[in-house]
Structures are given as structure tokens and as C-alpha cells.
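[1] Structure here, sequence nowhere to be found:
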């Protein structure tokens with residue numbers, strides 16, 4: 001039943017857009033645009049309208065979900081803001097730095113729209129519409145209520161200033177993605193030294209909640225699958241850290257590890273830690289061994 005749902009435009013129909021639309025049942029309430037025309041089939045699968053361009057997608061939308069890649073968040077806001085209906089709410093759900101969202105907000109507001117900083121705080125799959133969302137900005141409460149109507153269940157306003165939600169997201173990402181990157185550096189180094197089992201056992205001895213073999217396998221899995229997108233997100237984290245007057249030494253390394261493993265394109269993913277390590281080392285594009 002979509003009659004009472006806000007008229008929504010989804011800009012960018014990658015993993016997040018597809019996952020949300022499929023879970024939400026937004027038929028007749030949403031239309032999407034993606035620069036990749038091949039994604040039209042996914043829009044059709046979800047019952048979401050497929051716009052030929054951004055102007056068509058935004059023409060009747062009262063609510064916009066911007067779900068593009070991190071490097072396209074600001075260009076999308078600047079390029080498409082002129083097509084917004086007066087008063088339409090642009091929900092920037094991309095993982096970018098606070099200053100990037102503030103620049104995007106300027107473009108949207110100058111065009112007569114309203115801008116809300118939204119942080120997606122967990123992987124969209126398998127959480128789907130249960131993924132935690134944080135909202136910040138002058139119109140955060142209204143945006144949150146409209147997303148609740150679309151089915152999002154875990155939402156919270158964290159402030160009135162654009163950038164507050166993204167700062168929470170990226171500060172958390174420094175730890176989460178950084179641990180993944182440290183895992184990659186550790187297991188590759190330990191493998192080359194011939195001491196992987198001893199290192200993992202030593203880590204297990206100090207922390208028993210999840211074995212380090214399972215954790216290392218999972219972290220490499222996430223990086224091989226999503227490293228390119230996560231690297232772009234961490235570049236935004238590094239930009240934020242520099243603005244805070246701190247040199248992002250670890251975060252810069254995280255950018256390299258996340259992006260580097262993501263670029264290897266290893267598919268299908270091998271099962272098990274050793275098989276993943278072997279596939280990484282066998283890749284002609286692996287840079288880690290000197």
C-alpha cells in the first residue's frame with residue numbers, strides 16, 4: 001500500500017538503493033535515477049519507476065534519497081539541486097565528511113530545497129530497513145518522520161547542524177574500517193613470517209568473544225567485497241581528521257588497504273582465511289609483498 005507514502009526520488013540505485021526499495025515496497029511512490037543504465041532492471045524488479053534523467057526523477061518528488069558513491073555526493077547535490085521542487089527535502093545518506101555535506105547543503109538550499117544530513121550506521125544488508133539512521137539539520141525531524149513512513153524503523157535525530165550525523169558516522173568508521181585494515185596488514189605480515197597461527201592464537205588468548213581466525217576471515221571478506229567504497233568513505237574521514245588538526249596516519253593506511261584489496265576483484269570469494277590470503281597473494285595486482 002503506497003498511497004500515503006511520500007513521493008520519493010532515489011538518486012543512485014546501487015546496493016543501498018536496491019536493498020531499501022526492495023524491502024520497502026515503494027511501488028508507485030518512488031522513482032529512481034542512476035547514471036548506470038544497466039540498473040533499470042533492478043528498479044523494475046523492485047517496482048520502482050525508472051527515470052531517464054535526474055530532472056525527470058526529481059520533478060514531482062517531495063523527498064529525495066541521495067545514495068550515490070562518496071565521491072559523487074557533492075557533484076550530485078550541485079548538479080541536481082536546480083531540478084528540485086521548492087521545499088523538497090534532500091536526504092544526503094552518503095558517507096562523506098561534514099564539510100562535504102555542508103557544501104552540498106549550500107547548493108540544495110540555494111536552489112530552494114531543504115537539506116538533511118543522514119548517516120547510515122551499519123551495513124544495509126542484511127539490516128535493510130532496520131539499519132540505524134542518524135539525522136542532523138534544521139529539517140531533520142521532518143525528514144526522519146518521512147523516512148519512517150517509508151518503513152525505516154531505527155531512526156534518531158542527533159542535532160540541528162548539518163555535519164553532526166556524518167561526524168558520528170566517520171569517527172566510528174575510523175575504528176571499524178581501521179581494524180579491518182590492521183587485520184589485513186597483520187595477517188599478510190604474519191603469513192610471510194610463517195607465524196600466522198601463533199599470532200592468531202595469541203590474540204585469542206587475550207580476547208575470546210570471537211576467534212581471531214573468524215574475525216580475520218570476516219574482515220578480509222568485507223574488504224574484498226566493499227573495499228573500494230569503504231576506501232572512499234575513509235578518504236572523507238581523513239579529510240575530516242585533517243580539518244580537526246590531526247594527521248591521519250592510520251586512516252591514510254586504511255584508505256590504501258581497503259581500496260587496494262577492493263580493487264583486486266577476487267570473485268567468487270574463497271572460503272576460509274588461508275584461501276583468501278592465497279587468492280590475495282596470487283592476484284597480479286597485489287602490492288603488499290616487496
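    Done, it's in. Note that the coordinates shown come from a computational prediction; the quantities given were computed from them, not determined experimentally. Residues are numbered from 1 along each chain as shown.

[2] Can you pull out the low-pLDDT segments for this structure?
    Filtered on pLDDT under 70, the chain yields the residue ranges 1-3.

[3] please redo it, this time with the cut-off set to 80
    Counting by pLDDT under 80, the chain has low-confidence residues at 1-3, 207-208, 290.

[4] what about the helices in it?
    Using DSSP state H, the helices of the chain run over 15-24, 40-46, 54-58, 73-80, 98-110, 124-127, 140-149, 164-193, 196-206, 212-243, 249-263, 273-282.

[5] what's the angle between the last one and helix 196-206?
    Going back to what we said before, that points to helix 273-282. Between the direction of helix 273-282 and that of helix 196-206, the angle (axes from the mean of the first three to the mean of the last three C-alpha atoms, to 10 degrees) works out to 130 degrees.

[6] buried sites along helix 273-282?
    Buried residues in helix 273-282, counted by 16 or more other C-beta atoms under 10 Å: 273, 276, 277, 279, 280. No exception for glycine: its C-beta is placed from N, CA and C like everyone else's.

[7] quick one: the residue lying closest to the first one once chain neighbours are set aside from residue 7, how far?
    Nearest-residue entry for residue 273: residue 217, 4.2 Å, with adjacent residues in sequence omitted and distances by C-beta to C-beta, 6 or more residues apart in numbering. According to C-beta to C-beta, to the nearest Å, residue 217 stands 44 Å off from residue 7.

[8] what's the answer for residue 86, then?
    Taken as C-beta to C-beta, the spacing of residue 86 relative to residue 7 amounts to 14 Å.

[9] quick one, longest strand in the chain?
    In the chain, assigned by DSSP state E, the strand with the most residues is strand 114-120.

[10] Can you list the buried residues in that strand?
    114, 115, 116, 117, 118, 119, 120.

[11] who are the neighbours in contact with the third one?
    Looking back up the chat, that one is residue 116. Under the criterion of C-beta atoms under 8 Å, 6 or more residues apart in numbering, the contact partners of residue 116 comprise 89, 90, 91, 92, 135, 136, 137, 139, 140, 143, 162.

[12] And the residues you listed, which is closest to residue 75?
    Closest approach between the contacts of residue 116 and residue 75, by C-beta to C-beta: residue 92, at 12.2 Å.

[13] Please report the distance of that closest one from residue 290.
    The value you get for residue 92 to residue 290, if C-beta to C-beta is used, is 41 Å.

[14] what about those two, which has more around it?
    Each of residue 92 and residue 290 has its neighbours counted (other C-beta atoms under 10 Å); residue 92 has more, 29 against 4.

[15] partner residues bridging the residue nearest to that one when sequence neighbours are not counted?
    Leaving aside its chain neighbours, residue 92 sits nearest to residue 66 (4.9 Å; criterion: C-beta to C-beta, 6+ apart). For residue 66, the beta-bridge partners are residue 11, residue 92 (DSSP bridges).
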